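Colleague: Below is the structure, and that's it, no one-letter string:
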């Protein structure tokens, strides 16, 4: 997960008493989809959760947010979830909307993001089948810190906040697991700040592409504008690096996509070990 870190150095200077609240406010920011019309969110009422509960339990159990929970706890969570469906380009929620729960993607793609004070698009990530988002608002109930938009027809599960809090009251080990999650997210924020501060743009871009490839395969569907926002550089810088890598046969380029042809060379550019 990526979030805005422009004010993190100032917050870090206040110590962890200041850092944790900042993290809780910003840790769930991911991608932005600009100028899209709000569509209806369809609740699939009348469908018994038992028809999809096995898939939901599998999604939850594979996600760090719930990975330490016992099977019985996961089944209890699945029992209070609802199914929702979005058409391509529908908006699930907007920045500032009430944070009423968590989403788990069954199939499809969701883009999450925001816009800075100058109106510039801040693209952070793309979430697909098996991904979970909205963890922070599930816990603190504050308004959404980003927009969520379906990139294609998408089926999801929705976990209402009040139902989850009731489960936490009955299952204290869940609360301990969430503390571990927040610590991991905080480490991720700090690690990304270090990358932005110290690493050259080519290394950062190569690493972002590899992260996307690890989740969605070597055919990475992301525009140069999105890669620029992910990496914290300009679109021109992204284009320069991509064209250079294309000439050397590491990648090929299409409209809104990057196809990795030599992942070992890309790993060398990113200065990371092979998985």
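Modeller: Here it is on my side, so go on. Treat the numbers as computed from the prediction; the structure is a model and nothing was measured.
Colleague: Okay, strands next: where are they in this structure?
Modeller: Using DSSP state E, the strands found in the chain span residues 42-43, 82-86, 91-93, 101-107, 109-115, 121-128, 132-133, 147-150, 154-160, 219-220, 251-254, 257-260.
Colleague: Residues in contact with the fourth one: which ones?
Modeller: Taking CB atoms under 8 Å, 6 or more residues apart in numbering as the criterion, the residues outside strand 101-107 that touch it are 52, 55-56, 59-60, 63, 65, 81, 83-84, 92, 110, 127-135, 137-138, 148, 154-161, 164. C-betas here are computed from N, CA, C, even on glycine.
Colleague: Give the ChimeraX command for selecting the buried subset of the residues you listed.
Modeller: Provided next is the ChimeraX selection string for whichever of these are buried by 16 or more other CB atoms under 10 Å:
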select :52,55,56,59,60,63,65,81,83,84,92,110,127,129,130,131,132,133,134,135,137,138,148,154,155,156,157,158,159,161,164
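Colleague: Including mean pLDDT and distance to residue 72, could the strands of the chain go into TSV?
Modeller: Below are the strands of the chain laid out as TSV (pLDDT from 0 to 100; distance: least, CB to CB, whole Å):
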stretch	mean pLDDT	distance to residue 72
strand 42-43	40	26
strand 82-86	94	20
strand 91-93	94	30
strand 101-107	94	18
strand 109-115	85	29
strand 121-128	77	27
strand 132-133	90	19
strand 147-150	91	30
strand 154-160	95	16
strand 219-220	90	38
strand 251-254	93	46
strand 257-260	93	41
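Colleague: Output these in a markdown table; the columns should cover distance to residue 73.
Modeller: As requested, the strands of the chain are exported to a markdown table (distance: least, CB to CB, whole Å):
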| stretch | distance to residue 73 |
| --- | --- |
| strand 42-43 | 24 |
| strand 82-86 | 18 |
| strand 91-93 | 26 |
| strand 101-107 | 15 |
| strand 109-115 | 25 |
| strand 121-128 | 23 |
| strand 132-133 | 15 |
| strand 147-150 | 26 |
| strand 154-160 | 13 |
| strand 219-220 | 35 |
| strand 251-254 | 43 |
| strand 257-260 | 38 |
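Colleague: Can you tell me which of those strands is packed in deepest?
Modeller: Among the strands of the chain, judged by mean count of other CB atoms under 10 Å, the one packed with the most neighbours on average is strand 147-150 (a mean of 26).
Colleague: Quick one: list the elements packing against that one.
Modeller: With contacts defined as 3 or more CB pairs under 8 Å, 6 or more residues apart in numbering; DSSP states H and E, strand 147-150 has these neighbours: strand 91-93, strand 109-115.
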